[in-house]
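>>> Okay, here's the prediction I keep looking at, along with the sequence it came from:
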Amino acid sequence: MRSVAIMQPTFSIWCCIPWRLIMLKDIALTSLAAIFGGNDEEPESKEPESEKLLNLYWNRAELKKEFAELRNEKFRLQERLKEQEGATARLEQKLQHLENLLLDSDWVYNIVTFFQLRRLALSGETRLAKFAEQLKQQRELKVQNQLQSQWNEQRAAEAARVEREIGEHRLGVQMLEDRLQVESAREASMSRLARLFFGRSAQARLNELTANIDLAAEQERRLLHRLEEIEKQPPPDTQGLDVATKRLINFMIISFAQQLYLHFCDDELAEQAKQASETSIGAVRYGDKAACDQVLGRIRKQLDSLEKATEFADVLKRRAKMIGEKAVFRTSEDAVPTSASVSTVYAIDKKGQVQTLEINLLRENYWNLNAVVSR
């Protein structure tokens, strides 16, 4: 009896365990169904959940992409900041160096001379760039006018041909209409007996003439449409200069650069101006106040005379021709000659006498020549 009493509670516990497991299972399934949706739901309820998951995935990918872009932008801005800080530091050093030079009375006049020589170099660069741009525009306008003229001639010739066809076509239509009137009058004047024997053939001729007139009218409409298309044709696009034209332009540009060099070379101002444009302040000393005043006087004199010098177009053309005769190009597609082949400077006086000296303006890049030549 004692054993039976002991086993009874144990049996009741084991009997209750399955029901507890079933209840826990139901609770878990209910929770999962609440989160992900139960199996007994309709298919329509599953689609929004999958769309939400897909949207979350794409949003995460877009956020990662935007984050990477922001990070790259941050690095780029940091690099730019470092570059700007370096440039600012260099400018501050230059300013400090200039202030130190200005404090020295022996350097004051040299500084003024240095910047006046830079002004001379800048004046030469500006004149050469303006001359080159005007020359290029003139050549481009000339080429464009030639293309426009050829296009106008071709369009006028084609329009005249179509107009002749329209005139000839209208003459043929007029003849067909006259024949139709004649045949209509003849058919109307037939007697009953004649209409009995010749009525069909007369009506066939009338139908044929009417069909030919309709066909001719359609052809005339097509010709008129073609004429309208010709009149509405857009002009040709602007084309670039060919290699031969660019070479001629470059010969003139080099000739003008030589003209500037010859104008300033007597007092060595061309070399000094080039040196001042390429070096930093304080690198060159021009002497005491008297020596600096002499340099400044020569600069003013030569700039004033350059403003008044306008009659050298024939000299430029003659010099450009001589430059072109000796110019050598690396390839057939190059428009800029080799610097060694155009290193001879031609000095042409008022009497037409020519003297030469060897200065490679293209290689030394006088007046920023390499930046203005056509390529």
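Sure, I can see it. Numbers count the residues shown, from 1 in each chain.
>>> Show me the strands in the stretch 251-375 of the chain, by range?
344-348, 354-358 (DSSP state E, counting those that start in this stretch).
>>> Pick the most deeply packed of the ones you listed.
Among the strands of the stretch 251-375 of the chain, the stretch with the highest mean neighbour count (mean count of other C-beta atoms under 10 Å) is strand 344-348, at a mean of 18. To be clear about C-beta, it is placed using only N, CA and C from the backbone, and glycine gets the same treatment.
>>> residues in contact with that one?
258, 261-262, 315, 318-319, 322-323, 326, 354-359, 361 (C-beta atoms under 8 Å, 6 or more residues apart in numbering).
>>> Return the closest of those with respect to residue 54.
Among those, residue 361 lies closest to residue 54 (C-beta to C-beta), at 68.8 Å.
>>> can you pull the pLDDT of the closest one?
Looking at residue 361, its pLDDT is 95.
>>> so how many other residues sit close to the nearest residue to it once chain neighbours are set aside?
Spatial nearest neighbour of residue 361, excluding adjacent residues (C-beta to C-beta, 6 or more residues apart in numbering): residue 257 at 5.3 Å. By other C-beta atoms under 10 Å, the residues close to residue 257 number 26.
>>> what do you get for the one 5 residues further on?
Neighbour count for residue 262, taken as other C-beta under 10 Å: 19.
>>> Over to residue 205?
Neighbours of residue 205 (other C-beta under 10 Å): 16.
>>> go on, residue 287?
Residues lying near residue 287 (other C-beta under 10 Å) number 14.
>>> got the residue ranges for the helices in the stretch 151-300 of the chain?
192-231, 243-264, 269-278, 289-308 (DSSP state H, counting those that start in this stretch).
>>> tell me which strands and helices the longest one is in contact with?
For helix 192-231, the elements it packs on are helix 105-188, judged by 3 or more C-beta pairs under 8 Å, 6 or more residues apart in numbering; DSSP states H and E.
>>> before we move on, back to that, nearest to residue 189, of the contacts of strand 344-348?
Once C-beta to C-beta is applied, the member of these that ends up nearest residue 189 is residue 318, at 88.5 Å.
>>> residues touching that closest one, list them.
Counted by C-beta under 8 Å, 6+ apart, residue 318 has contacts residue 348.
>>> so how far is residue 335 from it?
21 Å (C-beta to C-beta, to the nearest Å).
>>> Then residue 60?
From residue 60 to residue 335 the distance is 56 Å (C-beta to C-beta).
>>> neighbour-wise, which of the two wins?
The residue with more neighbours, out of residue 60 and residue 335, is residue 335; 18 against 10, by other C-beta under 10 Å.
>>> I figured that one was touching residue 240, is that so?
No: the pair residue 335 / residue 240 is not scored as a contact, 11.0 Å apart, by C-beta atoms under 8 Å.
>>> before we move on, back to that, now the strands of the stretch 251-375 of the chain as a markdown table including mean pLDDT and distance to residue 298?
Shown next, in a markdown table, are the strands of the stretch 251-375 of the chain (pLDDT from 0 to 100; distance: least, C-beta to C-beta, whole Å):
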| stretch | mean pLDDT | distance to residue 298 |
| --- | --- | --- |
| strand 344-348 | 94 | 19 |
| strand 354-358 | 93 | 20 |
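>>> now those strands as TSV including distance to residue 246?
Below are those laid out as TSV (distance: least, C-beta to C-beta, whole Å):
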stretch	distance to residue 246
strand 344-348	21
strand 354-358	25
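>>> Any figure for the gap between residue 154 and residue 254?
37 Å.
>>> Looking at the two, which is more packed in?
The residue with more neighbours, out of residue 154 and residue 254, is residue 254; 25 against 13, by other C-beta under 10 Å.
>>> Give me the pLDDT for that one.
pLDDT at residue 254 comes out at 97.
>>> is it true that it touches residue 320?
Yes: in this structure residue 254 lies within contact range of residue 320 using C-beta under 8 Å: 7.4 Å.
>>> Provide a list of residues in contact with residue 143.
So residue 143 contacts 239, 241, 245 (C-beta under 8 Å, 6+ apart).
>>> quick one: low-confidence ranges for the stretch 251-375 of the chain?
For the stretch 251-375 of the chain, no stretch has pLDDT under 70.
>>> Recalculate using a threshold of 90.
265-268, 279-289, 305-312, 349-352, 375 (pLDDT under 90).
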